[in-house]
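Provided below for reference: sequence and predicted model.
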Amino acid sequence: MTKVLSFINLKGGVAKTTTAVMLADTLAILGQKRVLVLDLDPQTNATLALIGEERWMQADDAGQTLAQLFLDQVNGTAIFDPARAVIRGASNLNLIRHELIDQLPDDVQYGRVDLLPSSIRLIDVQDRMQDISTRSHYAVSPMEVVRKFIAPLFTAYDYVLIDCPPNLGFVTLNGLEVSDHYLIPTIPDRMSTYGVPQIVNRVADVKAKRNLKISCLGVIITKYQSNSSTQKRGLERLPTDLETAFAPHGEPTPPILKTRLPQTNALAEAVIYERKVANYREKYGTGQVGGQAAYKYGPDLADELEELLSFHDLQGSLDEHVLHATHR
């Protein structure tokens with residue numbers, strides 16, 4: 001079953017996009033999974049990291065970015081084609097030239113990252129999203145665009161990773177609307193975690209009003225510096241801050257993942273698409289950081305997330321069993 005995860009933080013510069021891209025590479029290249037990345041952030045960082053500027057400009061000029069999808073709803077046009085817009089074989093770790101992917105027989109299966117790209121035009125669209133309901137004669141809600149036009153593609157993938165913009169507007173809500181869980185990547189300092197209660201409150205409000213099942217899968221520590229006293233204090237304070245944010249909504253406090261992504265040059269450079277790399281190890285770094293090679297943090301994170309997802313699946317099955325037993 002497809003797992004849909006959104007990445008969100010209201011603070012920029014916390015490696016939100018870097019974490020999403022690394023996880024996509026890890027699941028696809030090392031785990032042989034089919035991964036779709038939805039870049040809903042108008043900064044287009046995930047898009048540029050996965051396909052580079054030239055292919056992004058081609059997609060944007062052709063009107064095949066997620067910005068055009070929303071513009072179509074606002075303007076009453078039909079330029080965006082979901083199937084055509086998906087860029088297959090993204091990432092500079094992809095082993096098969098993207099021009100050949102569509103020519104492969106249907107029974108050929110291999111792990112890969114696909115992308116639905118973003119565009120800076122999303123900045124303009126966000127202020128006009130409220131017009132979607134009236135334009136569509138209330139057939140489409142501003143929060144349901146991705147669900148209506150993109151979500152049908154999800155079944156072809158093992159994972160869908162959504163890079164949300166650093167705000168809680170309609171574009172972000174479109175991502176949360178179709179997600180099973182959301183993740184909060186953050187540096188463990190006051191400025192980076194300041195917006196967490198806002199995220200929790202907004203998601204809880206939307207979840208209740210729209211009967212969604214989304215939950216916070218966990219908090220991912222990024223740009224971690226073990227010698228930073230500020231970060232050390234932040235880590236000590238974070239469990240209490242999370243409990244305070246989630247408890248009023250009757251939700252369990254999400255875990256802080258054990259895998260802490262370190263501050264490294266290799267991880268920062270990994271999102272440069274044009275950088276020539278031979279393999280996953282070279283892309284994410286072989287230098288020693290925190291007692292292990294830098295490239296091992298991606299697999300550690302992926303393993304931990306998959307364990308959490310398995311736990312949630314098991315818990316959901318138990319809850320369903322109890323519900324059915326109660327109604328007998």
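Arrived safely. Computed from a predicted model, the values in this text were never measured in an experiment.

quick check: mean pLDDT across stretch 27-42?
Regarding stretch 27-42, the rounded mean pLDDT is 96.

now it: buried residues?
27-29, 31, 33-42 (16 or more other Cβ atoms under 10 Å). All C-beta spots, glycine's among them, are computed from the backbone N, C-alpha and C.

would CSV of those residues with secondary structure and distance to residue 96 be doable?
Shown next, in CSV, are those (DSSP: H, G, I helix; E, B strand; the rest coil; distance: Cβ to Cβ, whole Å):
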residue, secondary structure, distance to residue 96
27, helix, 17
28, helix, 12
29, helix, 12
31, coil, 17
33, coil, 16
34, strand, 13
35, strand, 15
36, strand, 17
37, strand, 17
38, strand, 22
39, strand, 22
40, coil, 27
41, coil, 27
42, coil, 30
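
list the contacts for the residue nearest to residue 158 when sequence neighbours are not counted?
Computed as Cβ to Cβ, 6 or more residues apart in numbering, the closest residue to residue 158 that is not its neighbour in sequence is residue 33, at 4.1 Å. Residues in contact with residue 33, defined by Cβ atoms under 8 Å, 6 or more residues apart in numbering, are 27, 111, 157-159.

one more: residue 39?
Counting by Cβ under 8 Å, 6+ apart, residue 39 makes contact with 45-47, 66, 115-118, 163.

go again using 6 Å as the cut-off
46-47, 117-118, 163 (Cβ atoms under 6 Å, 6 or more residues apart in numbering).

leaving out chain neighbours, which residue sits closest to it?
Using Cβ to Cβ, 6+ apart, the closest residue to residue 39 is residue 118 (3.7 Å).

and what of residue 193?
For residue 193, the spatially nearest residue (Cβ to Cβ, 6+ apart) is residue 186, at 5.4 Å.

ok, residue 241 next?
Closest to residue 241 by Cβ to Cβ, 6+ apart is residue 193, at 6.4 Å.

host element of residue 276?
Using DSSP states H and E, residue 276 falls within no helix or strand.

pull the distance from stretch 157-164 to the chain's centre.
5 Å (Cα atoms, centre = their mean, to the nearest Å).

only C-alpha atoms, please: export it in PDB.
Output of stretch 157-164 as PDB, limited to C-alpha atoms (Å, rounded to 0.1, in the frame of the first residue of the first chain):
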ATOM      1  CA  TYR A 157       4.200   4.100  -6.100                       C
ATOM      2  CA  ASP A 158       5.400   2.600  -2.800                       C
ATOM      3  CA  TYR A 159       6.000   6.100  -1.300                       C
ATOM      4  CA  VAL A 160       4.800   9.600  -2.100                       C
ATOM      5  CA  LEU A 161       6.900  12.300  -0.400                       C
ATOM      6  CA  ILE A 162       5.500  15.800  -0.400                       C
ATOM      7  CA  ASP A 163       7.700  18.800   0.100                       C
ATOM      8  CA  CYS A 164       5.400  21.500   1.600                       C
END
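
for the record, mean pLDDT for it?
Mean pLDDT, stretch 157-164: 97.

and for it, what's in contact with it?
Outside stretch 157-164, the residues that reach it (Cβ under 6 Å, 6+ apart) are 2-8, 17, 20, 24, 27, 33-41, 46, 154, 172, 175.

what is the neighbour count of residue 145?
Burial of residue 145 is recorded as 25 neighbouring residues (other Cβ atoms under 10 Å).

for it, give its distance to residue 181.
21 Å (Cβ to Cβ, to the nearest Å).

residue ranges with poor pLDDT in the stretch 51-200 of the chain?
The stretch 51-200 of the chain contains residues with pLDDT under 70 at 98-99, 106-107.
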